[in-house]
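# next input, structure requested:
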Amino acid sequence: MTGGGSSIPEVQNLLAALVASKPGGKIAELGTAFGAGARAIADALPPDATFVTVESDPARYTEACAALAETRAEVVNACWEDVLPGRGPFDLVFFDGGTRERPLELPISLLAPGGILIKDDLTPGRPIEGDPVREAFFQDQRLVAVELLTTAATAAIVAVRRP
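Residues are numbered from 1 along each chain as shown. Purely as a prediction, here's the structure:
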């Protein structure tokens, strides 16, 4: 929906609200892009929380580092699949990168019990069947999920890992 760009303001507000509910939590973002979503997370970060955001594209990583320079965000230039599994589990994961036809098992497995997983950039109102993202979020028995309108033309899924 954002064409590989930045998170929209509505999603940034959603992130800030959810991050504020995780004092002392471990937070991760999969796909920093230019750092707009990461900035919303970093600005709402409770004092005892940690935040790591991972971007694989070197040019986007450089831009994100500049955008997040005065925050507590740790910005990593790598494939998130390579660095985050050993650093979890996480209390909140913003799955901001594309799925690139990859299974969604790994992002779900990064969550601690009670952890929140957010996926944005969705077109609202599509059926679950046949949509790999919706199938993963709504059919995985480890999660309870809801799709939220972020604007009239965009949606996000918020899921919580069952204890």
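# for this structure, where's the lowest mean pLDDT among helices and strands?
Lowest on mean pLDDT, DSSP states H and E among the helices and strands of the chain sits helix 105-109, with a mean of 90.
# export that helix to PDB, keeping only CA atoms.
Extracted in PDB, the C-alpha atoms of helix 105-109 (Å, rounded to 0.1, in the frame of the first residue of the first chain):
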ATOM      1  CA  GLU A 105       5.900 -19.000  10.700                       C
ATOM      2  CA  LEU A 106       9.100 -17.200  11.600                       C
ATOM      3  CA  PRO A 107       7.600 -13.800  12.500                       C
ATOM      4  CA  ILE A 108       4.900 -15.500  14.600                       C
ATOM      5  CA  SER A 109       7.600 -17.600  16.400                       C
END
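# need the three-state assignment for residue 59.
helix (DSSP: H, G, I helix; E, B strand; the rest coil).
# please renumber the chain so that the first residue is 544 from this point on.
Happy to do that; since the first residue is 544 now, the last one works out to residue 602.
# how many neighbours does it have?
Per other C-beta atoms under 10 Å, the neighbour tally for residue 602 reads 9. The C-beta positions use only the backbone N, C-alpha and C, and glycine is treated the same way.
# what do you get for the one 4 residues further on?
By the criterion of other C-beta under 10 Å, residue 606 has 16 neighbours.
# who are the contact partners of the nearest residue to it once chain neighbours are set aside?
Closest residue in space to residue 606, ignoring its immediate chain neighbours: residue 577 at 5.0 Å, by C-beta to C-beta, 6 or more residues apart in numbering. Each residue near residue 577 by C-beta atoms under 8 Å, 6 or more residues apart in numbering is listed here: 548, 549, 603, 606, 607, 610.
# in terms of helices and strands, where is the fourth one?
Read that as residue 606. Element membership for residue 606, per DSSP states H and E: helix 601-610.
# could you dump the biggest helix by length in the chain to CSV, C-alpha only?
Longest helix of the chain, by residue count under DSSP state H: helix 552-563. The C-alpha atoms that make up helix 552-563 are tabulated as CSV, following Å, rounded to 0.1, in the frame of the first residue of the first chain:
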residue,chain,number,x,y,z
PRO,A,552,0.4,8.5,10.2
GLU,A,553,-2.5,6.4,11.2
VAL,A,554,-0.3,3.3,11.5
GLN,A,555,2.3,5.4,13.4
ASN,A,556,-0.4,6.3,15.9
LEU,A,557,-1.4,2.7,16.3
LEU,A,558,2.2,1.7,16.9
ALA,A,559,2.7,4.4,19.5
ALA,A,560,-0.4,3.3,21.4
LEU,A,561,0.6,-0.4,21.4
VAL,A,562,4.3,0.3,22.3
ALA,A,563,3.2,2.4,25.2
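# many thanks, I have nothing further to ask.
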